[in-house]
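> all I have is the shape, not the residue letters:
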């Protein structure tokens, strides 16, 4: 009986409030109206809340859309929320916490797909006039997906008072989308003309929807056909640009992984199968730095952990490389097969050591705030900050290494030992020391590569094995011992891979690239830009 009286009272309240002007509608009565049985009454209440302009309605409508709105035993409408890991009930009108009730014992306010569409429209109406610019911008962008005569009216009002240029631009796009289906013929033609300059697949979908109208005016159909064709051409161009950027991004990753190998293999002639594990050590160095910053330093310092991790990764991997050269590699110069087997065994030892210390599961390394997110270069093509910073970082590393090799005493001595060891020794160069430092330099650069790679994937003991084969391909294809060849080889392989993938798929694309490199090496065994080294003929 109490429930029946509540329903009757609720119907009376909602009908009375709907008959009043929007300015006089009562927020509490409208929220109670959401709990009335029947989707028609709920739709009326949702529409009225959208007109009300009360920002408290945003939370209520979102809870209704997400099926978190509940009917209390005393007639109150409650929101199911969480406080930490515990369920929490909140009064939908006052926002006060409600204790003593089990959420599982209460009935949900039912919602269907049509009502969810109405809720999205009401939320858009509320947020278009929000004092928060972010809410207004989000509402304008969302309005593109829900074109209607009502949204056109709301957007027209919002544009009349909006001051920020970026929000105005988003509102103009949304208004054009709305006028495709709810405007005069002149307005629809103008909307088609504006939307035809977009590069958004969703805009193309709206135009396709318009073209599907059976009684569409021939002039509108012709304009819509031309607009869709223009968007398709633009999207094809954007797709090519996106593939090239992704190829440069992949090439920069390969370049970072291969720069160190260009020294240890290309210059020293050592087939170092543990090179991938140097990358892995650098990645785990980034993880350790992250955990130290979290545990010891204030939270405001956390974004600086990656800057500290770069030299740490270089020193850790470089020190391991020096120890490896002094204890194993120096006894195996001139015996490439034995070097390969020995370093492969060392790679297994390093992997197992890392598993024993950090465990086998992957470790997540968070992006600092300044590497999070991205920006839209063109509609439908987003450049992420972490990829962009890695591209810049790899070119900085390559430039610094080129300066070291060509403009420092150490670089001069390293090239001398590489080209003629007996003569360099006769000139007083300590060849054993140069060997150790050169191997340490190559390993240290691999460690810095690991720090960078930790920003685009999880860190695991098998991280290095992912890049070791591609690194050798880059060095051999570019030319053994040539930094410029390593750069050209890495970028070429990355871009070609990404251009082939859309047509052939990722796996078949890699196979095609591998076969092409094998055929190329058959014709040019020393790669694109070969230099004389310890294993080259004088």
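Arrived safely, thanks for sending. Everything numeric here is computed off the predicted structure, so don't read it as measured data.

> hmm, residue 452 is touching residue 388, no?
No: with contact defined as CB atoms under 8 Å, residue 452 does not count as touching residue 388 (12.0 Å). C-beta: built from backbone N, CA, C; applies to glycine.

> now for residue 271, how many residues are close by?
Using other CB atoms under 10 Å, residue 271 has 21 other residues around it.

> in which helix or strand does the spatially closest residue to it that is not a sequence neighbour reside?
Residue nearest to residue 271 in three dimensions, not counting chain neighbours: residue 340, with 4.4 Å by CB to CB, 6 or more residues apart in numbering. Residue 340 is part of helix 336-358, with elements assigned from DSSP states H and E.

> any buried residues in that helix, and which?
Residues 339, 342, 343, 346, 347, 350, 351, 354, 358 are the ones in helix 336-358 that count as buried (16 or more other CB atoms under 10 Å).

> more neighbours, residue 452 and residue 388?
Set side by side, residue 452 and residue 388 show more neighbours around residue 452, with 27 against 17, by other CB under 10 Å.

> excluding sequence neighbours, find me the nearest residue to that one.
Closest to residue 452 by CB to CB, 6+ apart is residue 390, at 5.0 Å.

> following the host helix or strand of the one you found, which helix or strand comes up?
Assigned by DSSP H and E, residue 390 belongs to helix 385-407. Heading C-terminal from helix 385-407, the first helix or strand you meet, by DSSP H and E, is helix 409-419.

> run through the neighbouring helices and strands of that following helix.
helix 385-407, helix 421-426, helix 431-453 (3 or more CB pairs under 8 Å, 6 or more residues apart in numbering; DSSP states H and E).

> try 6 Å this time
Helices and strands touching helix 409-419, by 3 or more CB pairs under 6 Å, 6 or more residues apart in numbering; DSSP states H and E, are helix 431-453.

> the helix it packs on to helix 385-407, inter-axis angle?
160 degrees (axes from the mean of the first three to the mean of the last three CA atoms, to 10 degrees).

> longest helix in the protein, by residue count?
helix 218-261 (DSSP state H).

> run a quick neighbour tally on the nearest residue to residue 159 once chain neighbours are set aside.
Nearest residue to residue 159 in three dimensions, chain neighbours excluded: residue 171, at 5.1 Å (CB to CB, 6+ apart). A count of nearby residues for residue 171, using other CB under 10 Å, gives 25.

> likewise for the one 10 residues further on?
The local packing of residue 181 (other CB under 10 Å) involves 17 other residues.

> how distant is stretch 504-524 from the center of its chain?
Remark: stretch 504-524 is offset 28 Å from the chain centroid, using CA atoms, centre = their mean, to the nearest Å.

> hmm, who's touching that stretch?
473, 477, 496, 497, 500, 501 (CB atoms under 6 Å, 6 or more residues apart in numbering).

> A helix includes the fifth one, no?
Yep, that's residue 500 we're talking about. Yes: when DSSP: H, G, I helix; E, B strand; the rest coil is applied, residue 500 is found to be in a helix.

> ok, the residue nearest to it when sequence neighbours are not counted to residue 255 distance?
Once flanking residues are discounted, residue 500 sits nearest to residue 509: 4.0 Å by CB to CB, 6+ apart. Counting by CB to CB, to the nearest Å, the separation of residue 509 from residue 255 is 19 Å.

> which of these two has more residues huddled nearby?
residue 255 (30 against 18).

> follow-up on the earlier one: nearest to residue 527 among the contacts of stretch 504-524?
residue 477 (5.7 Å; CB to CB).

> can you count the residues close to that closest one?
Residue 477: 24 neighbours (other CB under 10 Å).

> and the contacts of the host helix or strand of residue 209?
Per DSSP H and E, residue 209 falls inside helix 201-211. Residues outside helix 201-211 that contact it (CB under 6 Å, 6+ apart) are 177, 180, 195, 224, 227, 228, 231.

> buried residues, the helix or strand hosting the first one. List them.
Spelled out, that is residue 177. For residue 177, the host element (DSSP H and E) is helix 165-179. Buried residues in helix 165-179, counting neighbours by 16+ other CB under 10 Å, are found at 167, 170, 171, 173, 174, 175, 176, 177, 178, 179.

> with stretch 29-49 instead?
Quick answer for stretch 29-49 (16+ other CB under 10 Å): 29-36, 41-49.

> chain center to that stretch, what's the gap?
40 Å.

> chain neighbours aside, what residue packs nearest to residue 247?
residue 495 (3.3 Å).

> next secondary structure after the helix or strand harbouring that neighbour?
Element membership of residue 495 [criterion: DSSP H and E] is helix 483-504. For helix 483-504, the following helix or strand on the C-terminal side (DSSP H and E) is helix 506-523.

> what average pLDDT does that next one get?
Averaged over helix 506-523, pLDDT sits at 80.

> got the residue ranges for the helices in the stretch 51-200 of the chain?
56-65, 113-128, 133-143, 149-161, 165-179, 185-195 (DSSP state H, counting those that start in this stretch).

> other SSEs contacting the second one?
The reference is to helix 113-128. helix 39-52, helix 56-65, helix 133-143, helix 149-161.

> report the contact partners of residue 111.
Per CB under 6 Å, 6+ apart, neighbours of residue 111: residue 64.

> pLDDT value on it, please?
The model's pLDDT for residue 111 equals 79.

> output the below-cut-off pLDDT ranges for the chain.
1-25, 53, 82-86, 266-267, 378-380, 481, 506, 530-538 (pLDDT under 70).

> which residue is nearest the middle of it?
Nearest to the geometric centre of the chain sits residue 384, at 5.7 Å (CA atoms, centre = their mean).

> was I right to think it contacts residue 373?
No: Residue 384 is not in contact with residue 373 according to CB atoms under 6 Å; the separation is 7.2 Å.

> what angle separates the helix holding residue 177 from helix 149-161?
150 degrees.

> packing partners for helix 165-179?
helix 133-143, helix 149-161, helix 185-195.

> could the buried residues of helix 336-358 go into TSV alongside distance to residue 468?
Shown next, in TSV, are the buried residues of helix 336-358 (distance: CB to CB, whole Å):
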residue	distance to residue 468
339	14
342	15
343	10
346	13
347	8
350	12
351	12
354	15
358	20
